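> sequence and predicted structure, then a few things I'm wondering about:
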There are 2 protein chains.
Amino acid sequence: MLTDLKISTNHGCGECPIRHRAVCARCDADELEQLDEIKYYRSFEAGQTVVWAGDRMDFVGSVVSGVAALTQTMEDGRTQMVGLLLPSDFAGRPGRDTAAYDVVATTDLVMCCFRKKPFEKMMAETPHIAQRLLQMTLDELDAAREWMLVLGRKTAREKIASLLVIIARRDASLQLHGMVGELKFTLPLTREAMADYLGLTLETVSRQISALKRDKVILLEGKRIITIPNFTRLLEEAGDDNDGGMLA
Amino acid sequence: MLTDLKISTNHGCGECPIRHRAVCARCDADELEQLDEIKYYRSFEAGQTVVWAGDRMDFVGSVVSGVAALTQTMEDGRTQMVGLLLPSDFAGRPGRDTAAYDVVATTDLVMCCFRKKPFEKMMAETPHIAQRLLQMTLDELDAAREWMLVLGRKTAREKIASLLVIIARRDASLQLHGMVGELKFTLPLTREAMADYLGLTLETVSRQISALKRDKVILLEGKRIITIPNFTRLLEEAGDDNDGGMLA
DNA sequence: TCGCGCGCTTGATCTGTGTCAAAGTTGAAT
DNA sequence: ATTCAACTTTGACACAGATCAAGCGCGCGA
């Protein structure tokens, strides 16, 4: 059974992580078999680069476990993370043959990959897949645009809070009990990676995390394990009130 | 003949603006007729809101003439433009029924619209359209991510230069002679709209435009008509060197 | 057990951009 | 022609976050 790639249409939702990106449709056995034939796995260690911007990228795939970052770099070295790939997220560009950004493993990483050619052939034959991919891409676009607001208009403190909200929402261990009560999760990013995502320096990230700790918005065990005693409070800190009911 | 919406597959490229988004495929007469039946036009005056974020949006469409902005606003009034819709750009979210952002006409605007229901029905029946829409959405995603680098890591001067590059590239009057020689175009945005797009204040926008004028990177006639004597120079100012050959 | 290095924190200072304020320009309506 | 409002420019000053610099702490290999 092919559950690694959420492009595939899963039969019955038991195996779909309850994420807003995972919209399930009817199961088509032939389709699954076809996908199974061309899929394979790749593993990466933390810090390894999966592909370089501009390089040929002859596969598409999704994250099985771990975290990857999409980053863009200017010649003088300034870098901006433009996407964070958590488990079940899709990477790749059907129809293009080069990567637009660097893809870097920020933790140990396993990806489920498909050679691009056969994948595209399947896409042409199976309308479902293009439609599913369109929905996923629209979600990505929404996320990117939400992040534009973060980058363009939020203060450093709001930026940190916004990042914590995103990670808390997506952390697998939290999917079950929803966003109520005490939430605890592990930050899958270094302070530097956070800075690159937020358009800040790592010093500012560090200071703001200290400030949020001081103000009891978050609790820290070590440097990476975070507890959110009051998620609503965190949302306020993110400037993200009217939240479309994602709280429940 | 349906040329307003570049979703439709045009037969022969004579009528396609030579834009990177306009990838032409085979023409399908039935398809065009179907689209024609459900399309209609809407006009807006500069400043009018096309849809409000969160409102029901029961159409999709594309810009025929004029410019529209997608904007997000926080409760305290901070706003960020998250997309700029120039002629031939697509707006709308097949599969969703509410708008994610405000859509505002920044100039007088004409849109070519399709009621969403029949459009979605067609999409389900005509694989071509979903695939075409996927390509367009991937382009949008690339543009949004490029903009994340602008917002997160560029200086005010680089931001202004980056915006001018984008507008110069897309300005219809320039499509013919490419990006060489003197380029002249009209800014379709107020200083405030530019500020909202760039994550700056309007004062900073004004100062940086004055500085670019002083340094002869741009020439101004009035406040809106801009001449670029040397496009390569502008690219350098944007921090956008290695440019993937878009110069030719 | 020690020491070394990497990731992180904290402090002092600097600077780019925001804020507040005033005045200039332009085009459209009277 | 005059006036008015919207848009823009410019100046003075303030401040959030960057930069430069030092030191901490924890895990890992010797």
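Received it, and whenever you're ready, just let me know what you need.
> quick one, phi psi at the residue in chain A that DNA strand D sits nearest to?
Nearest residue of chain A to DNA strand D (Cβ to the nearest atom of the strand) works out as A:T204 at 3.1 Å. C-beta: built from backbone N, CA, C; applies to glycine. The phi/psi pair for A:T204 (degrees, to the nearest 10) reads phi -60, psi -40.
> next, count neighbours for it.
A:T204: 18 surrounding residues under other Cβ atoms under 10 Å in any protein chain shown.
> surely it is in contact with A:E192?
No - contact criterion Cβ atoms under 8 Å: A:T204 and A:E192 do not qualify, at 11.5 Å.
> which residues do these two both contact?
With Cβ atoms under 8 Å, 6 or more residues apart in numbering or on different chains applied, the contact sets of A:T204 and A:E192 do not overlap.
> show the pLDDT at A:I166.
pLDDT recorded at A:I166 is 96.
> quickly find the element holding it.
Assigning secondary structure by DSSP states H and E places A:I166 in helix A:156-170.
> in chain A, which spans are strands?
Counting by DSSP state E, chain A has strands at residues A:39-44, A:49-51, A:59-65, A:68-73, A:79-85, A:90-91, A:102-105, A:109-115, A:183-186, A:219-221, A:225-228.
> output the below-cut-off pLDDT ranges for chain A.
Residue ranges of chain A with pLDDT under 70: A:1-36, A:172-178, A:242-248.
> all helices of it, in order?
Ranges of helices within chain A are A:29-38, A:116-125, A:127-153, A:156-170, A:191-198, A:202-214, A:231-237, based on DSSP state H.
> with distance to DNA strand C as added columns, please give the ones you listed in a markdown table.
Output for those, formatted as a markdown table (distance: least, Cβ to the nearest atom of the strand, whole Å):
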| stretch | distance to DNA strand C |
| --- | --- |
| helix A:29-38 | 35 |
| helix A:116-125 | 32 |
| helix A:127-153 | 9 |
| helix A:156-170 | 11 |
| helix A:191-198 | 4 |
| helix A:202-214 | 3 |
| helix A:231-237 | 17 |
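> right, and those helices - which one's nearest chain B?
Closest of the helices of chain A to chain B is helix A:127-153, at 2.9 Å (criterion: Cβ to the nearest Cβ).
> is that closest one anywhere near chain B?
Yes - residues of helix A:127-153 are located near chain B by Cβ under 8 Å from any Cβ of the partner chain, namely A:127, A:130-131, A:133-135, A:137-138, A:140-142, A:144-149, A:151-153.
> who touches the residue of chain A closest to DNA strand D in this structure?
A:156, A:195.
> same thing but at 7 Å, please
A:A156 (Cβ atoms under 7 Å, 6 or more residues apart in numbering or on different chains).
> ok, now A:V63?
A:85-89, A:109, A:111.
> okay, and the beta partners of it?
Beta-bridge pairing of A:V63 under DSSP bridges involves A:M111.
> now for the helix holding A:I166, which elements pack on it?
Other elements packing on helix A:156-170 under the criterion 3 or more Cβ pairs under 7 Å, 6 or more residues apart in numbering or on different chains; DSSP states H and E are strand A:183-186, helix A:191-198, helix A:202-214, helix A:231-237.
> show me which residues of chain A are close to DNA strand D?
Taking Cβ under 7 Å from any atom of the strand as the contact definition, chain A meets DNA strand D at A:155-157, A:199-201, A:203-204, A:222.
> present those residues as JSON lines; the columns should include distance to B:D102.
Output for these, formatted as JSON lines (distance: Cβ to Cβ, whole Å):
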{"residue": "A:T155", "distance to B:D102": "22"}
{"residue": "A:A156", "distance to B:D102": "26"}
{"residue": "A:R157", "distance to B:D102": "26"}
{"residue": "A:G199", "distance to B:D102": "23"}
{"residue": "A:L200", "distance to B:D102": "27"}
{"residue": "A:T201", "distance to B:D102": "32"}
{"residue": "A:E203", "distance to B:D102": "36"}
{"residue": "A:T204", "distance to B:D102": "30"}
{"residue": "A:G222", "distance to B:D102": "42"}
